[in-house]
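Engineer: sequence unknown, structure follows:
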C-alpha cells in the first residue's frame, strides 16, 4: 500500500472491539515514532501506555461523562512532548511529537488496528496530568485509543489541495 493509500485509509474510530493490543504490537507501533523528523534529534515524544490502575486514577479525575469516553478502546496511550523551556526548541519539539504520533497512527492503520487521537480536557488539569505521571515541562498532545475496529467509519470529505496551497512568486 502506498503512503497516500495508507493515509486515505486512516480513520478516526470511536467504537472498538474488546481485545487490547499486546505489548509486542504496541512496542512495534510506538517504535515507528523514532522515524519522525525532529530538530537536533531531540526525540521529544513520550508515550505512556495506561494500565488498569492508571486508567482508574484518570477516570476518577475525569468525572462520569468523560470516564465513559475512556472506556471506548481497550488500549490507551498518553502522547506528550518533553519541553526544554526554550521557546523555539519547544515549538519544534511539539511539532516533531505530533509528526511521531501521526506515524504511529499510520502504522496502526497498516496493521488493521483502529485508532483515535483525542485531546481530553482532563490533561489540561494538574490532577489529570498527575494521574498519568505527566510532570511540569511536558505537554500532553493527546490520548491515543487503539483496538480492533468494531466497524469501519465512512470516509469524510476533505478540502482539495487547491483550497490550502498557494504558490508564491
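Structural biologist: Nice, I can see it. Computed from a prediction, not measured in an experiment: that's the story for all the values here.
Engineer: how about the nearest residue to residue 125, chain neighbours excluded?
Structural biologist: Spatial nearest neighbour of residue 125, chain neighbours left out: residue 61 (7.0 Å); criterion: C-beta to C-beta, 6 or more residues apart in numbering. Bear in mind the C-beta positions are built from the backbone N, C-alpha and C, glycine included.
Engineer: Which strand or helix spans the one you found?
Structural biologist: Using DSSP states H and E, the element containing residue 61 is helix 52-62.
Engineer: Might one say that the residue nearest to residue 125 is in contact with residue 123?
Structural biologist: No. Using C-beta atoms under 8 Å, residue 61 is not in contact with residue 123, being 9.7 Å away.
Engineer: picking that back up, which residues does the residue nearest to residue 125 contact?
Structural biologist: 122, 125, 127, 128, 131 (C-beta atoms under 8 Å, 6 or more residues apart in numbering).
Engineer: mind redoing it with 7 Å?
Structural biologist: With contact taken as C-beta atoms under 7 Å, 6 or more residues apart in numbering, residue 61 is in contact with 122, 127, 128, 131.
Engineer: Could you list the low-pLDDT ranges of this structure?
Structural biologist: Across the chain, nothing is flagged by pLDDT under 70.
Engineer: Grab the longest strand from it for me.
Structural biologist: strand 138-147 (DSSP state E).
Engineer: Any idea how far that one is from the middle of the chain?
Structural biologist: 4 Å (C-alpha atoms, centre = their mean, to the nearest Å).
Engineer: Partner strands of that strand and their direction?
Structural biologist: Strand pairing for strand 138-147, using DSSP bridges, gives strand 75-82 (antiparallel), strand 114-118 (antiparallel).
Engineer: what angle separates it from helix 52-62?
Structural biologist: Taking axes from the mean of the first three to the mean of the last three C-alpha atoms, to 10 degrees, one finds that strand 138-147 is oriented at 110 degrees with respect to helix 52-62.
Engineer: What lies in contact with strand 138-147?
Structural biologist: Here strand 138-147 makes contact (C-beta under 7 Å, 6+ apart) with 16-17, 19-21, 46, 72-83, 94, 97-98, 101, 104, 108, 113-120, 123, 129, 134.
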